[in-house]
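J.: for reference, the sequence and a predicted model appear below.
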Amino acid sequence: MTKLTNVPVTVLPGVGPERAIQLAELGIKSMEDLLTYYPFRYDNYQLINPVDALHEERVTFRGKIVGSPSMRWFGKKQSRLTVKMEVDNIPITVMWFNQHYLKPKLSYGSTVMVTGRWDREKLLINGERTFFSQKEQEAHLGQFEPIYSVTSKIKVSWLRKLIMEAFKEYGSQIEEVLPASLRSKYRLISRAKAIYYLHFPRDIKDGHQARRSIVYEELFLYECRLIWSRLQNRHETKGISREIDERKLKEMIDNLSFPLTSAQQRVVDEICADLKSPFQMNRLLQGDVGSGKTVVAAIALYANYLSGYQGALMVPTEILADQHATSLKSILEKWGLKVVTLTGNMKAASRRETLEQIQQGSADVIVGTHALIQEAVVYQKLGLVITDEQHRFGVKQRGTLREKGEFPDVLMMTATPIPRTLAISVYGEMDVSIIDEMPAGREPIATYWVKKEAWKRIMAFVAKECKAGRQAYIICPLIEESEKLDLANAVELFEQVTLELSPIRVGLLHGRMSSVEKEEIMGLYEQNDVQVLISTTVIEVGVNVPNATVMVIYDADRFGLAQLHQLRGRVGRGGGASTCVLVANPKSETGKERMEIMTETTDGFVISERDLQMRGPGDFLGVKQSGLPEFRLADLTRDERILEVARNDAKEILQSKDGITSEEYEDLLKRVQTDESILD
Ligand code: ADP
Ligand code: MG
């Protein structure tokens with residue numbers, strides 16, 4: 001039998017060279033592409049009572065017109081037509097944009113069927129398709145019509161017919177992908193049937209069942225691929241086999257100014273096991289802001305040193321590099337390690353000196369920004385590479401640092417909490433460690449959302465805290481006034497707050513300052529010589545000043561949830577009860593929602609899940625370069641549970657070969673290895 005991936009769409013009647021090009025623009029070249037070009041939604045022509053319709057849902061109503069239409073023009077092309085209608089005794093408004101030609105049809109008392117998006121608050125439907133005659137209404141009533149994303153040259157109705165045609169000719173050649181045991185275990189329908197129902201469901205139930213089957217299949221195959229490549233790597237990737245003096249390591253850990261949390265200890269053990277194993281470590285360390293990742297990095301660097309290697313810690317900002325260098329020095333220098341810093345803004349002489357120390361091996365731990373991966377930097381014996389706030393780096397940057405050594409072990413730390421299952425699917429080839437426990441004695445951060453009108457009260461609160469010896473951050477979004485957004489200006493805010501809080505010492509930190517200036521102001525803040533720090537988001541990641549207990553975020557609704565969580569994480573670091581004040585008069589619903597989520601929870605994992613739900617995985621972590629895989633049908637937000645199940649099944653099947661016939665196994669391996677499948 002011919003594989004449908006090898007059958008070009010041009011075999012179908014009506015698909016000539018021109019159509020072939022148009023279809024190719026949609027990514028449709030083969031029969032398989034066409035059959036798996038799923039609708040992105042269905043128009044649902046089942047009638048619903050407005051009382052049951054959800055806000056923003058696409059619905060179909062049928063009712064009587066009970067008013068006369070009114071029309072407004074905006075310029076020559078844009079128009080808005082509205083009319084009152086009664087649906088199941090509920091008066092609603094129908095509004096059409098740019099469909100002025102419908103006006104003559106809207107006669108008083110006539111029955112109309114209209115489909116569109118429902119605004120439950122305004123009792124208003126945004127008319128998209130409207131059916132006037134009895135005949136038209138009956139023809140669509142109760143139907144589900146697949147809607148495809150198309151270009152201007154291709155019509156949805158044409159594509160629909162083409163897919164129907166494809167099914168007639170080739171539907172019987174759609175092959176199963178999943179082992180029969182899995183299909184019966186989850187009562188999945190056959191692949192051919194599922195694909196058919198995705199295009200042409202008879203009812204909602206069909207659609208759900210079909211979706212479930214195909215989503216599982218997509219995720220199962222994806223996981224098989226990840227697990228397969230990981231099994232391969234396990235055997236092929238070389239690494240450093242090393243001895244670590246456990247006694248010395250323990251001595252160092254016992255000497256820390258605090259006992260490790262059990263989560264930290266567990267992660268340290270996992271890392272040490274990896275360091276000792278002959279395979280290259282590739283580990284992601286996730287831990288919410290403030291969970292204490294830095295000290296774990298310090299211990300890993302020490303263990304690496306004990307086995308005779310250099311270690312590098314790469315961070316996204318200079319402020320963070322300085323701060324990490326300081327804390328690593330305080331932890332490591334007493335054990336004889338030399339810690340050096342390498343950033344982009346160093347004086348030529350000290351840079352040369354540092355580079356020499358790195359090359360000769362007198363520098364044991366190198367902390368820096370992406371300056372660490374410049375060509376001029378030659379490491380003598382790099383055995384461990386750590387990136388902090390790793391989501392700030394591209395895949396390539398991380399790769400370059402790794403190549404500076406000979407199969408060095410790699411640890412990536414991040415506070416951007418990706419839900420566990422997603423982390424596994426994104427970083428599938430990695431091991432994941434999680435610090436899921438905060439150091440003892442942390443008091444929860446009380447979070448309040450207040451309006452700008454309450455500014456005076458907020459300042460009074462800040463003043464009170466400062467008088468009690470505490471410190472505060474005040475964050476504002478942008479450094480320069482942007483007329484468009486009317487954002488608070490850090491400089492102006494600084495001047496205002498300096499007056500308001502006098503004689504409390506206020507400092508200013510922003511991205512336009514030179515590194516020397518930044519260093520100086522951070523130094524003053526760390527020593528409590530500056531009590532209130534007005535800052536743009538340059539302090540967002542990683543900064544650690546435990547005595548700061550107040551975080552005021554101005555125009556908080558302009559920030560994303562992940563960023564707000566990071567910012568809030570700058571307080572509550574051991575200096576006592578902490579407060580976060582979100583100052584915002586949000587205009588949008590999502591802005592309000594973000595403020596509410598922040599006041600409800602301080603759990604980074606919960607926040608990231610809500611963030612994901614609100615934004616969709618596409619935007620999460622900023623665009624596609626995040627590496628989150630995309631599927632034809634599966635949606636990692638919605639289908640997280642299926643992902644988890646599929647992962648376990650994939651693991652079991654590939655490792656034990658249970659529940660799969662040898663023929664199915666061969667087939668599966670072929671798909672997994674050749675990358676040729678229903679996935680991109
Ligand atoms: P993050 O995980 O956000 O990078 P840090 O490593 O900056 O967090 O740690 C936050 C604060 O918690 C630091 O002041 C650090 O010294 C402190 N800390 C870390 N681990 C512990 C612990 N086990 N007990 C008490 N304090 C700790
Ligand atoms: Mg950190």
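T.: On my side now, so go ahead. Small disclaimer: the values here were computed from a predicted structure and weren't measured. Numbering: from 1, shown residues only. Ligands and ions are numbered 1, 2, ... in the order given.

J.: assess the claim that residue 171 and residue 194 are in contact.
T.: No: distance between residue 171 and residue 194: 11.7 Å, which falls outside the contact criterion (Cβ atoms under 8 Å). Yep, even glycine has a C-beta here, placed from its N, CA and C like the rest.

J.: who has more neighbours out of the two?
T.: The residue with the greater number of neighbours, taking residue 171 and residue 194 and applying other Cβ atoms under 10 Å, is residue 194; the counts read 22 against 15.

J.: so which bits of the host helix or strand of residue 80 are buried?
T.: Residue 80 is part of strand 78-87 when elements are defined by DSSP states H and E. Neighbour-count burial for strand 78-87, with 16 or more other Cβ atoms under 10 Å as criterion, is recorded at 79, 81, 82, 83, 84, 85, 87.

J.: so which bits of stretch 168-187 are buried?
T.: Using 16+ other Cβ under 10 Å as the test for burial, stretch 168-187 gives 170, 174, 177, 178, 179, 182, 183.

J.: quick check: the farthest pair among these?
T.: Spatially, the most separated pair among the buried residues of stretch 168-187 is 170 and 182, at 24.6 Å (Cβ to Cβ).

J.: please state the offset of stretch 14-28 from the chain centre?
T.: For stretch 14-28, the distance between its averaged C-alpha position and the chain's averaged C-alpha position is 34 Å (Cα atoms, centre = their mean, to the nearest Å).

J.: then stretch 162-176?
T.: On the basis of Cα atoms, centre = their mean, stretch 162-176 is displaced by 36 Å from the centre of the chain it belongs to.

J.: could you pull up phi and psi at the residue nearest to residue 283 when sequence neighbours are not counted?
T.: In space, residue 283 comes closest to residue 431 once its chain neighbours are excluded; the distance is 4.7 Å by Cβ to Cβ, 6 or more residues apart in numbering. Backbone torsions of residue 431, given as degrees, to the nearest 10, read phi -90, psi 150.

J.: so who does residue 431 touch?
T.: Contacts for residue 431 (Cβ atoms under 8 Å, 6 or more residues apart in numbering) come out as 270, 274, 281, 282, 283, 284.

J.: what's the pLDDT at it?
T.: Here the pLDDT value assigned to residue 431 is 82.

J.: ok, it to ligand 1 distance?
T.: Counting by Cβ to the nearest ligand atom, to the nearest Å, the gap from residue 431 to ligand 1 is 18 Å.

J.: state the distance from that residue to residue 83.
T.: With distances taken as Cβ to Cβ, to the nearest Å, residue 431 is found 61 Å from residue 83.

J.: for the buried residues of stretch 168-187, which one is nearest ligand 1?
T.: Out of the buried residues of stretch 168-187, the one with the shortest distance to ligand 1 is residue 182. That distance is 39.6 Å, counting by Cβ to the nearest ligand atom.

J.: gap between the closest residue to that closest one other than its chain neighbours and ligand 1?
T.: Excluding the flanking residues, the one nearest residue 182 by Cβ to Cβ, 6+ apart is residue 649, at 6.1 Å. When distances are taken as Cβ to the nearest ligand atom, residue 649 and ligand 1 turn out to be 34 Å apart.
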